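Engineer: Predicted model and sequence below, questions to follow.
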Amino acid sequence: MPDTEFSVDTFRQELRAWLRRELPAIWGTPTRPVRPREADDLEMRRRFDRALYAAGWAGLSWPAAYGGRDAPIECERILAVAAAEAGAPERYNRVGLGIVAPAIIGFGSAAQKDRYLRPILNSDEIWCQGFSEPNAGSDLASLSTRATLVDGRWQITGQKVWTTLSAVADFCLLLARTGEPGSAHRGITAFIVPMHQPGVIVAPIRQINDSTEFSEVFFDSAETVAEPVIGAVDRGWQLAMSVLAYERSTNLLNRQVRLAMTLRALRGAAGRYRDSVPEPLVDDLVDIWIRSAALQYAVRDHLAEIGRGEGPGIGNNATKVYWSETYQALGDLALQMRGVVPPEGNELLDDEPDWYDFFLASRASSIYAGTDEIQRNIIAERGLGLPRR
Amino acid sequence: MIELPDQTEAEVVEALSDFLAKEAPLARSLQAAESAAGFDRPLLEHLSSLGFFRLSSDSEAGGLGLSQRLVGACCAQAGRVLLGGPWLEQLLAARLLETTGAPGLLDELRLGLVVASLPLVASAWRNPPQVMVSGGRAQFVSGSCGLGFADSVDAWLVPAGNPMTAAVAVVRVRPEPARTQPRRGFSTLWREFDVQLAGAEGEVVAELDADRREAHLLDIARLLALVSVGATAAELESATEYAKLREQFGRPIGSFQALQHRLANVFIDLEHVKSLAAATLDPAEQRRLRWLVPMAKVAADRLAVSSAGTALQVHGGLGFTWELPVHHYLKEALRRRTVPQQTAVYRGQLREQALSYNL
């Protein structure tokens, strides 16, 4: 698409029509598939990423120089809402889009931007993120995966865990120790590591919901790419904190929109079988509905902040906690609702999403991307200025 | 303070915040509450002169032309200091008359020449006492209503049922002390009276159809929600400051995670309730107000009460005394929770609405 000036109104109209037209091909069926298998779901997501790219909408708010459209950040919200309402799948390359691209745009060299950004936008190259380790979870700065210079090339040795998309990823944005063992956040560097090589072994983890979305990843003298360091050596911590804050705000948009859609489905089912639904569950439904609305407006306000060049602020940490608690409450309510509606109602409830999976998956939300307890520590220290111990 | 058009809206809010911190700290509102009038009339007049009661109306109609969102932000500022007196009644009366009423009284309200009170509870508007109307004059046959500061304002604006039109007439009644009886309540800042209306006479200043009446009740609720948001922010700040200063076990109590997380929880809720309450004044959300306002009211009231409880706990024994203002925040939050309708009534409406989404 030509990089002419962006019109929000035109965008909104074109987007809706485009979704109606393109979604059957993206789904691979005339209507949205109900509870697709994990592998089919991933393929669907990939087709969606590519279709968005082809339409010129893959990096709406990105700078035009890197394949984006320089559109106002509000357009990301319009896209997320319209896509979710039309039944579009989630994005596939979400780590690439949410974490890696901001890291490269903010800290990478011109050559890295030229090499990596476009393939992220069109999902030709899938990324994962190697941050957490078995002994460095909440205390990320204690990570011990080691990067060493061998004949002028960086090599990686160590283990990462909870690595989303690692089974399919082409590259990993990896944090490794380059300083002395006790150097904490001062001796960490951000690297680009190719995943398809003998020195990298991915071992899927069977999760409580039977998904294997996360894996363990073992690096044994793994090679890095030609220009592997993003930013400077020993300066990876600042990069990690900055992109995590950014990711929190953009990911929260999609999470909020999905949660609102799911809540609608539950309200519909509860309404249809209202005579079977005991009052305490209706009260829970009201509470979750209020929280979902509050989330919607808070996320909108956070995005407006970013649009004014002010964010992402501490409010996003608050929203991460608020969202995960709402998500878990919704999953719990849905399971209880299943237990009270008549059998034909269960069919309706089971239609979309799979509530068992929804509930189980929700349990991870207060753990990943910084546990809710870590978020509260951050809020106490940076938002409220309370003293550290 | 307000120097338009050079100021942005954020600057207007900041200026108001500075003004209130300096001229209307809680200590002064409490002092005024002890006075004969029960509130600081010069302060109210000062606020009028700054444009507080005409922030959002058209400049052609004598207003400052600022956004509705800004009105909400200003109510939150008033909530921070627990501003005393009938300022909310005055503001609501001006907003009501802007769309329906006679311009004469509206100008007087905006300029602070007349200080008015009106009932805040929904039942007063939905089941008003009946009047006989002839030639713009109304006479109450019977009835009573609750009014804040009924003994010290210049005008009572009382809703009344007009049997001829089925609309609610807003009747301006000249206050008569003999008709007032103080009501028991635990608010120090807000005096409420029972007003006996039988035989009272006044002039009809506005007529509200059912839609307009409900819109007015939503206006009361959403401005109160914003007051609760401001009060919560103030409670959180004072508890946080205290936790930084107070030492036990040789360190500030605010360095203990048990307290940190408690305060962080208030911060987390406030971040979201703030956005929800502010959205009720967004022009783009007006067609959703029927459920958005109840949501904001329920959430803001609940948070104001619970955060006052948190602030009380963090302040320890001092929080349980008149030494500190924490208890006023708790008491005012409990009072706001009852108007214009009990939170439970809104929750009931939301239940109905939650179940009426069609797949």
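Structural biologist: Done, it's in.

Engineer: Grab the nearest non-local neighbour of residue 98.
Structural biologist: Answering for chain A, as no chain was given. A:Glu247 (4.4 Å; CB to CB, 6 or more residues apart in numbering or on different chains). Any C-beta I mention is one placed from the backbone N, CA and C, and that applies to glycine too.

Engineer: wait, chain B
Structural biologist: Once flanking residues are discounted, B:Glu98 sits nearest to B:Ser57: 5.3 Å by CB to CB, 6+ apart.

Engineer: Okay, domains of the chain per the record?
Structural biologist: Here I'm looking at chain A. Annotated domains of chain A cover A:8-92, A:127-234, A:239-383 [automatic domain parsing].

Engineer: not quite, I wanted chain B
Structural biologist: B:9-115, B:122-209, B:212-354.

Engineer: Need the pLDDT of A:Ile379.
Structural biologist: On pLDDT, A:Ile379 comes in at 97.

Engineer: ok, the closest residue to it other than its chain neighbours - contacts?
Structural biologist: Distances taken as CB to CB, 6+ apart put B:Ala264 closest to A:Ile379, at 4.2 Å, once the chain neighbours are dropped. Contact analysis of B:Ala264 by CB atoms under 8 Å, 6 or more residues apart in numbering or on different chains lists A:375-377, A:379-380, A:383-384.

Engineer: from these, which single one is nearest A:Arg258?
Structural biologist: For these, the residue nearest A:Arg258 by CB to CB is A:Gln375; the value is 19.8 Å.

Engineer: In what element of secondary structure is the closest one found?
Structural biologist: Take DSSP states H and E as the rule and A:Gln375 turns out to sit in helix A:372-378.

Engineer: which helices and strands does that helix pack with?
Structural biologist: helix A:315-340, helix B:257-279 (3 or more CB pairs under 8 Å, 6 or more residues apart in numbering or on different chains; DSSP states H and E).

Engineer: So what touches that helix?
Structural biologist: Under CB under 8 Å, 6+ apart, the answer for helix A:372-378 is A:138, A:314, A:317-318, A:320-321, A:324-325, A:366, A:370, B:257, B:260-261, B:264-265, B:268.

Engineer: which among those residues end up buried?
Structural biologist: When those are checked for burial by 16 or more other CB atoms under 10 Å in any protein chain shown, the buried set is A:314, A:317-318, A:320-321, A:324-325, A:366, A:370, B:260-261, B:264-265, B:268.

Engineer: Hmm, which of these is lowest in pLDDT?
Structural biologist: Note: of these, the lowest pLDDT belongs to A:Gly370, at 89.

Engineer: any chance you could read off phi and psi for that one?
Structural biologist: Dihedral pair for A:Gly370: phi 90, psi 110, per degrees, to the nearest 10.

Engineer: Contact partners for it?
Structural biologist: Contact analysis of A:Gly370 by CB under 8 Å, 6+ apart lists A:138, A:244, A:248, A:317, A:320, A:378.

Engineer: do you know how far it is from chain B?
Structural biologist: Distance, A:Gly370 to chain B, using CB to the nearest CB, to the nearest Å: 13 Å.

Engineer: same deal with A:Pro89?
Structural biologist: Separation of A:Pro89 from chain B (CB to the nearest CB): 21 Å.

Engineer: I'd assumed that residue was in a strand, is it?
Structural biologist: No - the assignment for A:Pro89, made by DSSP: H, G, I helix; E, B strand; the rest coil, is coil rather than a strand.

Engineer: pLDDT at it, what is it?
Structural biologist: On the pLDDT scale, A:Pro89 is placed at 91.

Engineer: try the one 10 residues further on
Structural biologist: The predicted structure scores A:Ile99 at 92 on the pLDDT scale.

Engineer: I'd like to know which of the helices and strands packed on helix A:372-378 is closest to B:Ala24.
Structural biologist: For B:Ala24, the closest of the helices and strands packed on helix A:372-378 is helix B:257-279, at 21.5 Å, according to CB to CB.

Engineer: which of the residues in the closest one are buried?
Structural biologist: For helix B:257-279, the neighbour count (16+ other CB under 10 Å) marks B:259-279 as buried.

Engineer: one step back: surely the residue nearest to B:Glu98 is in a helix?
Structural biologist: No - under three-state DSSP, B:Ser57 sits outside any helix and is assigned coil.

Engineer: which ones are touching it?
Structural biologist: Applying CB under 8 Å, 6+ apart, we find B:Ser57 in contact with B:63-65, B:98.

Engineer: Most neighbours of all those residues, which one?
Structural biologist: B:Glu98 (20 neighbours; other CB atoms under 10 Å in any protein chain shown).

Engineer: ok, that one touching B:Ala61?
Structural biologist: Yes - between B:Glu98 and B:Ala61 there is a contact under CB atoms under 8 Å: 7.1 Å.

Engineer: Which residues of chain B lie near chain A?
Structural biologist: B:236, B:240, B:243-244, B:251-252, B:254-257, B:259-261, B:263-265, B:267-269, B:271-276, B:278-279, B:292, B:295, B:298-299, B:347, B:350-351, B:354-359 (CB under 8 Å from any CB of the partner chain).

Engineer: before we move on, back to that, for the helix holding A:Gln375, output the C-alpha coordinates as CSV.
Structural biologist: Only the C-alpha atoms of helix A:372-378 are listed here, as CSV (Å, rounded to 0.1, in the frame of the first residue of the first chain):
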residue,chain,number,x,y,z
ASP,A,372,1.4,-10.3,40.0
GLU,A,373,3.5,-10.1,43.2
ILE,A,374,6.4,-8.6,41.3
GLN,A,375,4.0,-6.1,39.7
ARG,A,376,2.8,-5.1,43.2
ASN,A,377,6.4,-4.6,44.3
ILE,A,378,7.0,-2.4,41.2
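
Engineer: element containing residue 300, please.
Structural biologist: Going with chain A. Per DSSP H and E, A:Arg300 falls inside helix A:279-307.

Engineer: sorry, should have said chain B
Structural biologist: For B:Ala300, the enclosing helix or strand under DSSP H and E is helix B:289-314.

Engineer: Can you name every helix or strand that that helix contacts?
Structural biologist: Packing partners of helix B:289-314 (3+ CB pairs under 8 Å, 6+ apart): helix A:279-307, helix B:210-245, helix B:257-279, helix B:326-336, helix B:343-354.

Engineer: For chain B, give me the ranges with low pLDDT.
Structural biologist: B:1-6, B:101, B:359 (pLDDT under 70).

Engineer: ok so, going back, most widely separated two among the contacts of A:Gly370?
Structural biologist: Greatest spacing in these, by CB to CB: A:Ser138 and A:Arg248 (15.5 Å).

Engineer: and B:Pro42, how many neighbours?
Structural biologist: Burial of B:Pro42 is recorded as 10 neighbouring residues (other CB under 10 Å).

Engineer: That one belongs to a strand?
Structural biologist: No - using three-state DSSP, the assignment for B:Pro42 is helix, not a strand.

Engineer: Next, work out how far apart it and B:Trp87 are.
Structural biologist: Counting by CB to CB, to the nearest Å, the gap from B:Pro42 to B:Trp87 is 13 Å.

Engineer: Quick check: A:Ala329 touching A:Asp283?
Structural biologist: No - counting by CB under 8 Å, A:Ala329 stays clear of A:Asp283, with 11.8 Å between them.
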